[in-house]
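Peer 1: quick one, what's the 3D model for this:
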Amino acid sequence: MRSASSRRKGRPQLDQLRAKIRDIAPGALPAMSAPPGVQGQASGEVRELINLQSGLHEICPQDYLDTPSALAVQTGFFSQALRRHESARPIVWVRRTGGRSQDFGQPYPLALKQWGLPPERILLVEASEVTDTLWAMEEALNSGAWLMGEIGAEHRYDLTASKRLHMAAQARGALALILRSHDRVQPSAALTRWRISARPSPAEAWRGATGLPGMGAPCFRAQLERVRGGPPRNFDIEWKHAAFHVLEPAPLANRPATDLPPAPAQRQIA
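Peer 2: Numbers count the residues shown, from 1 in each chain. A predicted model of the protein is given here:
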C-alpha cells in the first residue's frame with residue numbers, strides 16, 4: 001500500500017475546492033459516499049474502494065478476448081479480500097468443463113500465488129453440467145467456504161439461482177465472485193457487477209539487450225456497471241505491489257499560465 005506521502009497532491013486540493021463550493025452553495029455537489037455493497041471511498045487505491053461486503057458479486061469481460069483480464073481482476077479482488085479479512089477459510093473454485101472459459105487454459109498455481117491466492121488453499125471443482133455447477137457453488141457457500149465461480153453465458157444462472165447463491169453467502173458471511181460472459185447477461189441478485197477490459201501498460205524504464213522496454217504493470221478498465229443504491233462508475237486500475245491502484249490524471253495545480261501568441265493582423269477590406 002502506498003504511504004500518505006506518496007499519494008498525489010491533487011486529491012487534497014480537490015477536496016478543499018469541493019468543501020468551498022458546498023459552503024457557498026449547499027447541495028451543489030453530492031457527498032462522496034460509497035453505495036451499498038461497496039464500502040470506503042476512492043483515495044488513489046482501489047483496495048479502499050472495493051471493500052466488498054459478504055454476498056454475491058459478478059465480473060464480466062467487455063469482449064470475449066477480455067476474459068483473461070476479467071479473470072485476473074477477479075483473482076486480484078479475491079486476494080485483497082482475503083488479506084483484508086485475514087480469513088482462514090478454504091477457497092472453492094467451481095468451473096464448467098467444455099465451456100468457453102476452457103479456451104484460455106487451466107488455473108496455474110504459480111501465477112495464482114503471484115496474484116495473492118495461495119494454491120494450497122484452493123479446492124478446484126469442475127463439472128460438466130450446469131446443474132452440477134450451481135449445486136457445487138451453493139454447497140461450497142453453505143459449508144462456509146469462499147467461492148470463486150465461472151458460469152459463462154449459461155441461461156440457467158438466472159435471478160432465482162443467483163439469489164440462492166447470494167443468500168447462502170450472506171448467511172455464512174462468505175464472499176462469492178462469479179465470472180460471467182461478455183454477452184447475454186441476465187438480471188441477477190448480485191450486489192455489484194464489474195465490466196473489465198484490458199488497457200495498455202506503461203513501458204518500464206529498464207531495456208533489454210534488444211533495446212525493447214520491459215513489461216509494465218497490468219492495467220485494466222473497471223466499470224462498475226451495476227451496484228445497489230448507487231450510480232455506475234469507471235476506473236482505470238493498475239495491479240502493482242499486490243494491490244489495485246487507481247490511475248488518475250496528473251495534477252494541474254499551481255501551474256503558471258503561459259502567454260498566448262499574438263493574434264494575426266486582420267486585413268480590412270474597403
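Peer 1: between the two ends of stretch 202-214, how far is it?
Peer 2: Length of stretch 202-214, first residue to last, C-alpha to C-alpha, to the nearest Å: 9 Å.
Peer 1: residues making contact with that stretch?
Peer 2: M215, G216, A217, C219 (C-beta atoms under 8 Å, 6 or more residues apart in numbering). All C-beta spots, glycine's among them, are computed from the backbone N, C-alpha and C.
Peer 1: pLDDT of it, averaged?
Peer 2: Averaging pLDDT along stretch 202-214 gives 75.
Peer 1: identify each buried residue in that stretch, please.
Peer 2: Neighbour-count burial for stretch 202-214, counted by 16 or more other C-beta atoms under 10 Å, picks out no residue.
Peer 1: stretch 107-115 now?
Peer 2: L112, W115.
Peer 1: so how far is that stretch from its chain's centroid?
Peer 2: 18 Å (C-alpha atoms, centre = their mean, to the nearest Å).
Peer 1: tell me the contacts of E138?
Peer 2: Neighbours of E138 in contact, by C-beta under 8 Å, 6+ apart: R164, L165, A168.
Peer 1: could you list the low-pLDDT ranges of the stretch 1-150 of the chain?
Peer 2: Applying pLDDT under 70 to the stretch 1-150 of the chain flags residues 1-11, 14, 18, 20-51, 86-87, 98-102.
Peer 1: mind doing that once more with 90?
Peer 2: By pLDDT under 90, the weakly predicted segments of the stretch 1-150 of the chain are 1-54, 78-90, 96-119, 121, 128-129.
Peer 1: please, where are all the strands along the stretch 151-270 of the chain?
Peer 2: 175-180, 192-199, 219-227, 233-240, 243-246 (DSSP state E, counting those that start in this stretch).
Peer 1: how far away is the residue nearest to N234 when sequence neighbours are not counted from T67?
Peer 2: Nearest-residue entry for N234: Q223, 5.0 Å, with adjacent residues in sequence omitted and distances by C-beta to C-beta, 6 or more residues apart in numbering. According to C-beta to C-beta, to the nearest Å, Q223 stands 15 Å off from T67.
Peer 1: compare the two (neighbour count), which wins?
Peer 2: Remark: of Q223 and T67, T67 carries more neighbours, 23 against 17, as counted by other C-beta atoms under 10 Å.
Peer 1: hang on, that one packs against P61?
Peer 2: Yes. Using C-beta atoms under 8 Å, T67 is in contact with P61, at 4.6 Å.
Peer 1: tell me the contacts of C219?
Peer 2: A198, R199, P200, S201, P202, D236, I237, E238, W239, L247.
Peer 1: CSV for those residues, including distance to Q16?
Peer 2: Output for the contacts of C219, formatted as CSV (distance: C-beta to C-beta, whole Å):
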residue, distance to Q16
A198, 35
R199, 30
P200, 33
S201, 33
P202, 29
D236, 24
I237, 26
E238, 26
W239, 31
L247, 22
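Peer 1: now, of these, which are buried?
Peer 2: So, by 16+ other C-beta under 10 Å, the buried ones in the contacts of C219 are A198, R199, I237, E238, W239, L247.
Peer 1: let me see the ranges of the helices in the stretch 101-250 of the chain.
Peer 2: 109-114, 130-142, 159-171 (DSSP state H, counting those that start in this stretch).
Peer 1: for G229, find the nearest of those.
Peer 2: Smallest distance to G229 across the helices of the stretch 101-250 of the chain (C-beta to C-beta): 15.3 Å, for helix 159-171.
Peer 1: and for that closest one, what's in contact with it?
Peer 2: Contacts of helix 159-171 (C-beta under 8 Å, 6+ apart): 54-56, 134, 137-138, 141-142, 147, 174-176, 178, 186-191.
Peer 1: weed out the non-buried ones from those.
Peer 2: With burial judged by 16+ other C-beta under 10 Å, the buried subset of the contacts of helix 159-171 is 54-56, 134, 137-138, 141, 147, 174-176, 178, 188-191.
Peer 1: for those residues, work out which two are farthest apart.
Peer 2: So, these by C-beta to C-beta: farthest apart are S54 and L134, at 19.4 Å.
Peer 1: a markdown table for the strands of the stretch 151-270 of the chain, including distance to R96?
Peer 2: Listed next are those as a markdown table, based on distance: least, C-beta to C-beta, whole Å:
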| stretch | distance to R96 |
| --- | --- |
| strand 175-180 | 11 |
| strand 192-199 | 20 |
| strand 219-227 | 23 |
| strand 233-240 | 26 |
| strand 243-246 | 27 |
